[in-house]
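J.: the amino acid sequence is not available; the structure is as follows:
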DNA sequence: TGTTAACCGAGACGGTACGTCGCGTCTTTCT
DNA sequence: AGAAAGACGCGACGTACCGTCTCGGTTAACA
């Protein structure tokens, strides 16, 4: 076994949705000591495996070997590869990331776009998120986790718009979520669909595009109605 | 051979890029008669299988059964599932799709966006392209095919911008490719990353966003320089 | 599991020599219950298959079907057809055969020869040993098993010579192993090399030949020397 | 292609029993020129293949590559591996081997035994005959060819006995065939069944045994009867 | 000396069996 | 008693070789 670092940043250990039986789900009754260490080792192995092999190369077998936890145990607690992945993703989503704060909305959006581009350009950093995106094509639970992850991320970004409004940089009140999605969407398109190179130029253009559209009122929230979701 | 119907919708039957060895690749030397029928049957089966099972559920085994072509033959000619998929995608790319022509750039872009949304909302229509996108995460060849496919599609769309310029709807000369990508990118984001619902409203907003940005000069081609990549 | 009969004629269930890795060889750690039943079912199937199809017709596939044990399991535990055969042969070698005891050496040798001839003339009885002989041409392990089998058989026969010496039928002290080999060798030649018919007449002649040679001193052990191998 | 020597000793080209249709058997109507060259190349390849890989490793595929003759042609003319082997064996049986002539029967028999032992001890020399013996376990035609080969060989050896009788070394008239078989049978037993080492000592003992038995009258031809087979 | 039938080269395919990998379940064994 | 680890069922993979079919191109034998 090559990995021994005991996952320091394990933290809160969010509740996950274990399949087998809701009452007796293994790992829920006695979450201390060995149980916790097991989970940590497994998460490390999953994330590490994603970096090394990517999602298509990942297997329960591999996680078992790398984590030192027996295959049967993995199946008992996580059900299958999907479960392992989702659990590991939970962890990833629990970081304390905050959107950039440069003083201007243009700066913030550009920084956000550049961060996104940089993340997915760096092989090591991109491995895990890319893997989850790939997994979402094959697993409903992974898709759910992915959606939740980005929803939360985009929500965190809304402060950018709020600050801009407060600063009077924007005389409108655009849908912050739509704006943020607009910023990153061209990057994701190039990264995962058309597989074109993505650099700072593309990032800046994406940010500028979103801002221009916002200024033109494209993202304005229809003033009417209340409950309209 | 039980199948004899000669693949009506086969189109041009273009040259394919067989990997193994350019000299001895099966299916290249004697591309007539049975060979052609085999290919057609296999393509049908692949596309059909994608619609029925999606990419993760597709297997060489299944294609063999559905097409009536023996497993061994599939491996000989296409190597693996990847090859089957790429070949089938070649076919898909060879249709005579043309971008909408509504008379105004706003109409064209909105129509384009709505078409895209509709395609990926209709389960049957979405199956094949979705599968290829999924496959691209696992296969370099699929990724190449995917890139080529969209590059060609986007190129076909450039006429929309050209027409707008000719009509004097645009007083600028934006990068048509960037503009078109901007139109579809929010849709792809919602479809494949955040897995949010995509309807006409989202389509229109995407089109409007791209157009607003274009009008603001975001996609303008830098007039200077030649080699600037 | 459909088979449950607990392999009555299993005998001692001897230690087998699993090749792959002595530590992790499947079937060694938990040799009870299902594992034992599996082995018994497989042995039955191998022996039965030999009788039905002979060695050239035998396949792992067939053993799997006949035994009700999955192909993969066979590969895991026995590696290949060779291993299956060797294991089954172990069983065959563990019977309680004893050489004939007629009261005279001539009678004993003739009986031995006739038994040999009869064994290989009866299709059902001959199937297994013939198969192993055939297999020995293709497999080192089968050859080893074969050698061990006959070595042990010939050793059991040495008592014939000992009794003859005790009865003073022989005034010499011939190499019992050589004598016994001499008895059966013409039969094996006709059976497997020249493929000539073998009956009681041939058996008796072989026995007589060996006895005559023994009486002439051909098999006498050189009285000298120690280390002469 | 590495082999080019055009099989000088091709000789008589015995009639073979081709399966398909006795009238149109390929290779019979136009047996000259290319046809003959093809046959020679194939025979070389078969024999060479046996030496290199042994029977179990031999395949039609291999013969095709090694001989430079296309697989289809091989199937057309020889039907299958069996046919290839039988044809090659025909060639081997057509040499001008003659039994040793040392001046005494003891010398002759010992020389014969030693020759046999030497042949099967030398790896290169043993390959072909061993392969045929192995093949005979799997193919009726190979078994036939094998029987015919040894029958002819043993017949050639009968002159040894005739000379001995003429020299008055033997005062009996033993069945020459039985005697010769007796000489070689212990060697074949050790070579192919018990897989024990075979050297000059064993050879001499085998010859002595046969001679002693002959002198004791074991091989005497029963003076009575005619039709006794 | 043509010509024609025979032979050969070549490509593609159906088919059987092989040996392997990974998944997920069951069951023996050990604590 | 209950989990850990071993053994298994199962589906699919990719490969090797077999034997067949169908072309088309040479070439040996005979008119």
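T.: Structure received. Everything numeric here is computed off the predicted structure, so don't read it as measured data. Numbers count the residues shown, from 1 in each chain, chains lettered A, B, ... in the order given.

J.: break chain A down into its structural domains.
T.: As given by automatic domain parsing, the domain ranges for chain A are A:8-93, A:105-215.

J.: quick check, the longest helix anywhere in chain A touching DNA strand E?
T.: Determined from DSSP state H, the single longest helix within chain A is helix A:140-167. No. Applying CB under 7 Å from any atom of the strand, one finds helix A:140-167 separated from DNA strand E by no less than 11.7 Å. Any C-beta I mention is one placed from the backbone N, CA and C, and that applies to glycine too.

J.: quick check: angle from the very next helix or strand once past that helix to helix B:176-188?
T.: Downstream of helix A:140-167, the first helix or strand assigned by DSSP states H and E is helix A:176-188. Helix A:176-188 runs at 120 degrees relative to helix B:176-188, counting by axes from the mean of the first three to the mean of the last three CA atoms, to 10 degrees.

J.: out of the domains of chain A, nearest to residue C:80?
T.: Closest of the domains of chain A to residue C:80 is domain A:8-93, at 22.7 Å (criterion: CB to CB).

J.: sec struct for residue A:196, please.
T.: Under DSSP: H, G, I helix; E, B strand; the rest coil, residue A:196 falls in the coil class.

J.: residues near it, how many?
T.: By the criterion of other CB atoms under 10 Å in any protein chain shown, residue A:196 has 15 neighbours.

J.: cool, and the one 3 residues further on?
T.: By the criterion of other CB under 10 Å, residue A:199 has 13 neighbours.

J.: can you check residue A:99 too?
T.: By the criterion of other CB under 10 Å, residue A:99 has 19 neighbours.

J.: the one 5 residues further on now?
T.: The number of residues packed near residue A:104 is 13, by other CB under 10 Å.

J.: the one 10 residues further on too?
T.: A count of neighbours around residue A:114, defined by other CB under 10 Å, yields 19.

J.: quick check: which element contains it?
T.: If you go by DSSP H and E, residue A:114 is part of helix A:105-121.

J.: which strands or helices does that helix pack on?
T.: When contacts are defined as 3 or more CB pairs under 8 Å, 6 or more residues apart in numbering or on different chains; DSSP states H and E, helix A:105-121 packs onto helix A:123-136, helix A:140-167, helix A:176-188, helix A:200-215.

J.: wait, residue A:42 sits on residue A:65?
T.: No. If you go by CB atoms under 8 Å, residue A:42 and residue A:65 don't touch, sitting 11.7 Å apart.

J.: more neighbours, the two?
T.: Neighbour totals were compared for residue A:42 and residue A:65, and residue A:42 leads with 24 against 14 (other CB under 10 Å).

J.: residues in contact with that one?
T.: By CB atoms under 8 Å, 6 or more residues apart in numbering or on different chains, residue A:42 lies in contact with A:63, A:67, A:69, A:74, A:78, A:84, A:87, A:88.

J.: what's the answer for residue A:196, then?
T.: The contact partners of residue A:196, by CB under 8 Å, 6+ apart, come to A:190, B:147.

J.: tell me how far it lies from residue A:136.
T.: Residue A:196 is 21 Å from residue A:136, where distance means CB to CB, to the nearest Å.

J.: and if you look at residue A:36?
T.: Separation of residue A:36 from residue A:136 (CB to CB) stands at 28 Å.

J.: between those two, which is the more surrounded one?
T.: Neighbours were counted for residue A:36 and for residue A:136 using other CB under 10 Å; residue A:136 has more, 25 against 16.

J.: which residues touch that one?
T.: A:142, A:143, A:145, A:146, B:192, B:193, B:195.

J.: please name the nearest non-neighbouring residue to the first one.
T.: Just to be clear, that refers to residue A:142. residue A:135 (3.9 Å; CB to CB, 6 or more residues apart in numbering or on different chains).

J.: is it true that that neighbour touches residue A:84?
T.: No. The pair residue A:135 and residue A:84 does not pass the contact test of CB under 8 Å, sitting 10.1 Å apart.

J.: residues near residue A:41, how many?
T.: There are 21 residues near residue A:41, going by other CB under 10 Å.

J.: what does the one 3 residues further on give?
T.: Residues contacting residue A:44 under the criterion other CB under 10 Å number 21.

J.: that one and residue B:186: what is the separation?
T.: When residue A:44 is compared with residue B:186 (using CB to CB), they lie 35 Å apart.

J.: ok, now residue A:201?
T.: The value you get for residue A:201 to residue B:186, if CB to CB is used, is 20 Å.

J.: give me the more crowded residue out of those two.
T.: The neighbour count for residue A:201 versus residue B:186, taken as other CB under 10 Å, is higher for residue B:186 (29 against 12).

J.: thinking residue A:150 is in contact with residue A:188, fair?
T.: No. Look at residue A:150 against residue A:188 with CB under 8 Å: they stay out of range, at 9.9 Å.

J.: who touches both of those two?
T.: Counting by CB under 8 Å, 6+ apart, the residues touching both residue A:150 and residue A:188 are residue B:193.

J.: which residue is the nearest non-sequential neighbour of the residue nearest the centre of chain A?
T.: Nearest residue to the geometric centre of chain A (CA atoms, centre = their mean): residue A:149, 4.5 Å. Distances taken as CB to CB, 6+ apart place residue A:93 nearest to residue A:149, at 4.7 Å, with adjacent residues excluded.

J.: residue A:204 too?
T.: Closest residue to residue A:204 apart from its sequence neighbours, by CB to CB, 6+ apart: residue A:110 at 5.3 Å.

J.: one more: residue A:199?
T.: residue A:117 (6.6 Å).

J.: do you know how far that neighbour is from residue B:179?
T.: Taken as CB to CB, the span from residue A:117 to residue B:179 is 20 Å.

J.: same deal with residue A:173?
T.: Relative to residue B:179, residue A:173 is positioned 26 Å away (CB to CB).

J.: more neighbours: these two, which one.
T.: Just comparing residue A:173 and residue B:179: by other CB under 10 Å the higher neighbour count belongs to residue B:179, 25 against 15.

J.: isn't the more buried one up against residue B:220?
T.: No. Between residue B:179 and residue B:220 there is no contact under CB under 8 Å: 10.4 Å.

J.: low-confidence ranges in chain A?
T.: By pLDDT under 70, the weakly predicted segments of chain A are A:1-34, A:92, A:223-229.

J.: can you pull the residues of it lying near DNA strand F?
T.: Residues of chain A lying close to DNA strand F by CB under 7 Å from any atom of the strand are A:26, A:70, A:71, A:72, A:73, A:76.

J.: quick one, phi/psi of the residue of chain A found nearest chain C?
T.: Closest approach between chain A and chain C, counting by CB to the nearest CB: residue A:65, at 13.4 Å. Main-chain torsions, residue A:65, degrees, to the nearest 10: phi -60, psi -50.

J.: go on, residue A:219?
T.: When quoted as degrees, to the nearest 10, the phi and psi of residue A:219 stand at phi -100, psi 10.

J.: ok so, going back, ok, which of the domains of chain A comes nearest residue D:156?
T.: Ranking the domains of chain A by proximity to residue D:156 (CB to CB) places domain A:8-93 first, at 63.8 Å.
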